[in-house]
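A.B. asks: Return a 3D structure for these sequence lines:
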Amino acid sequence: VSNRTDKVNYHWSLGYVDRKGIIVGDDYKNLRTRLNLDSKITSFLTVGMNANFAIRDESSQPVTWEAMAKNSPYASNNLDNLESLYRYYVAGDKSTTNPLYAREYRDQTKKYYSLNANLYAKIQLPFGIEYQMNYTPYLQWYHKFYHQLADSEVETQGGTSERQHDIKSHWTVDNIIRWKKEFNNEHNLELTLLANAEKKETWSTIASTYDFNPSDVLGHHNLASGLNPTNQSSDTYWTGDALMARIFYSFQNKYMLTASVRRDGYSAFGVNNKRATFPSVALGYVFTSEKFMEGINHWLNYGKLRFSWGQNGNRDIGQYAALSNMKTNPLTYIGPDGTVYTSTYIYVNTMANNNLRWERTESYNLGLDFDLWSQKLTGTLELFKRKREGLLATSSAVIPGTVGASMPQENINSDETFGWEISLGHHNRVANID
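C.D. replies: As a prediction, the model looks like this:
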């Protein structure tokens, strides 16, 4: 469904997929909806939204392909005969099994719910300045319920159940200011400013048990019936921010300069190095626009020289790589009265690194773009050099065992690469077809 007026433009769609695979139980279901909305509130204010919501059902349990491959084509399926001795082991031994058997004794629900959107507002300010705000949230809910029935021939623990719940939340806010200006039909100037913030959190809980008593008839709906419960949970949290400024200038679309500087922050680094600055510069020269090239432009239609230098950072590290890693161990002790007690204790497994910093990559690039004989031959030639510093690794230094903890990750490695790359293209028309 879509419509457009001079003030509002919208599009809404809804889709549903129910696919059956060639293997029994290899099914997939998906419900997805999307809404795009753009509204011009005033002459200077525009707001909009692009949103997606989806439900993905992966509860289906396909049969075991390996079991199918091992069976004889003459093997019989005795699954419906409850008195048969060959319902699971189709040949009477453990070398071949019925690929349809296991899924008959399993109950599983596995679904994903996801919502991601982009909400934005654009404001036209005086002097040709534009301000834009983007808010981009992402939410995902996931749950999995699983039970293996106790009376299955493959179940040896009196019934097994598990319940898992996961939630992921991530949002990003961008504040962008843009300004463009042309002077005397020769000079073009563009300025972009950015302030960014983001945050991600996850929560995960898993509860499981086995050996149900007196019965596992309720399966994962009643974990309290299991005699061996276990629980585990995991929560994560990180934040990031950035400031960026970029300027672009061109003269007669022949000489071009781009310069930028970015200041990034990430919570996973050490307290002394949360943020780092990354500059870059790029130059461009369209030499075929010069008058002295007019004599050869019948075959050299376009030529451009490029040079760039810049630095960027890598934050793809563990969320808690800079912190001490804590672990727990069981502890059993005997009291003065001879009573045995069971408890747990916490200890430091990995030392902290307050100086953990960004991995930094510095790159140089020299390039040539060309177009010969009206695009009959096009191509690019690149010469590049890249140096990475501060790569993470664990020191080989030996510390006394009495410390009770291992060395943390440190910025101790580096590498360097260089080379060249060429790409060629050809465009031509063989004939005109009516």
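
A.B. asks: going forward, measure contacts between C-alpha atoms and count neighbours the same way
C.D. replies: OK.

A.B. asks: Now do N432, the pLDDT please.
C.D. replies: With respect to pLDDT, N432 has a value of 65.

A.B. asks: which residues sit in contact with the residue lying farthest from the centre of the chain?
C.D. replies: Within the chain, the residue lying farthest from the chain centre (C-alpha atoms, centre = their mean) is D337, at 55.9 Å. Not one residue lies near D337 by C-alpha atoms under 8 Å, 6 or more residues apart in numbering.

A.B. asks: For it, give its distance to T344.
C.D. replies: Noted for D337: a distance of 20 Å to T344, by C-alpha to C-alpha, to the nearest Å.

A.B. asks: cool, L356 as well?
C.D. replies: Counting by C-alpha to C-alpha - L356 and T344 are separated by 31 Å.

A.B. asks: The two: which has the busier surroundings?
C.D. replies: L356 (23 against 9; other C-alpha atoms under 10 Å).

A.B. asks: Surely that one is in contact with Q319?
C.D. replies: No. Counting by C-alpha atoms under 8 Å, no contact exists between L356 and Q319, whose distance comes to 12.0 Å.

A.B. asks: which SS class is T288?
C.D. replies: With DSSP: H, G, I helix; E, B strand; the rest coil as the basis, T288 sits in helix.

A.B. asks: Could you find the closest non-adjacent residue to S76?
C.D. replies: V90 (6.9 Å; C-alpha to C-alpha, 6 or more residues apart in numbering).

A.B. asks: quick one, what contacts the one you found?
C.D. replies: 75-78, 96-98.

A.B. asks: Could you identify the buried members of these?
C.D. replies: Buried subset of the contacts of V90 (neighbour count, 16 or more other C-alpha atoms under 10 Å): 78, 96-98.

A.B. asks: Let me know the closest of these to S13.
C.D. replies: Closest approach to S13 among those (C-alpha to C-alpha): N98, at 43.0 Å.

A.B. asks: thought G15 was touching K29?
C.D. replies: No. G15 is not in contact with K29 according to C-alpha under 8 Å; the separation is 10.8 Å.

A.B. asks: if you count what's nearby, which of these two comes out ahead?
C.D. replies: The neighbour count for G15 versus K29, taken as other C-alpha under 10 Å, is higher for K29 (16 against 10).

A.B. asks: The more buried one and Y112: what is the separation?
C.D. replies: Counting by C-alpha to C-alpha, the gap from K29 to Y112 is 11 Å.

A.B. asks: same deal with G48?
C.D. replies: From G48 over to Y112 (counting by C-alpha to C-alpha), the distance is 27 Å.

A.B. asks: picking that back up, overlap in contacts, K29 and Y112.
C.D. replies: 56-57.

A.B. asks: Farthest-apart pair in the buried ones among the contacts of V90, please.
C.D. replies: N78 and T96 (13.4 Å).

A.B. asks: G310 sits in which helix or strand?
C.D. replies: strand 300-314 (DSSP states H and E).

A.B. asks: buried sites along the very next helix or strand once past that strand?
C.D. replies: Per DSSP H and E, the first helix or strand lying C-terminal to strand 300-314 is strand 325-334. For strand 325-334, the buried set under the neighbour-count rule, 16+ other C-alpha under 10 Å, comprises N325.

A.B. asks: Over to stretch 273-290?
C.D. replies: 273-286, 288-289.

A.B. asks: Among those residues, show me the least confident.
C.D. replies: S289 (86).

A.B. asks: was I right about that residue contacting K254?
C.D. replies: Yes. Using C-alpha under 8 Å, S289 makes contact with K254 at a distance of 6.5 Å.

A.B. asks: any low-confidence regions in the stretch 301-434 of the chain?
C.D. replies: 398, 401-404, 430-434 (pLDDT under 70).

A.B. asks: Please report phi then psi for the nearest residue to F251 once chain neighbours are set aside.
C.D. replies: Using C-alpha to C-alpha, 6+ apart and skipping residues adjacent in sequence, the residue nearest F251 is H187, 4.8 Å away. When read as degrees, to the nearest 10, the backbone of H187 gives phi -100, psi 130.

A.B. asks: do you know how far H187 is from K181?
C.D. replies: H187 is 8 Å from K181, by C-alpha to C-alpha.
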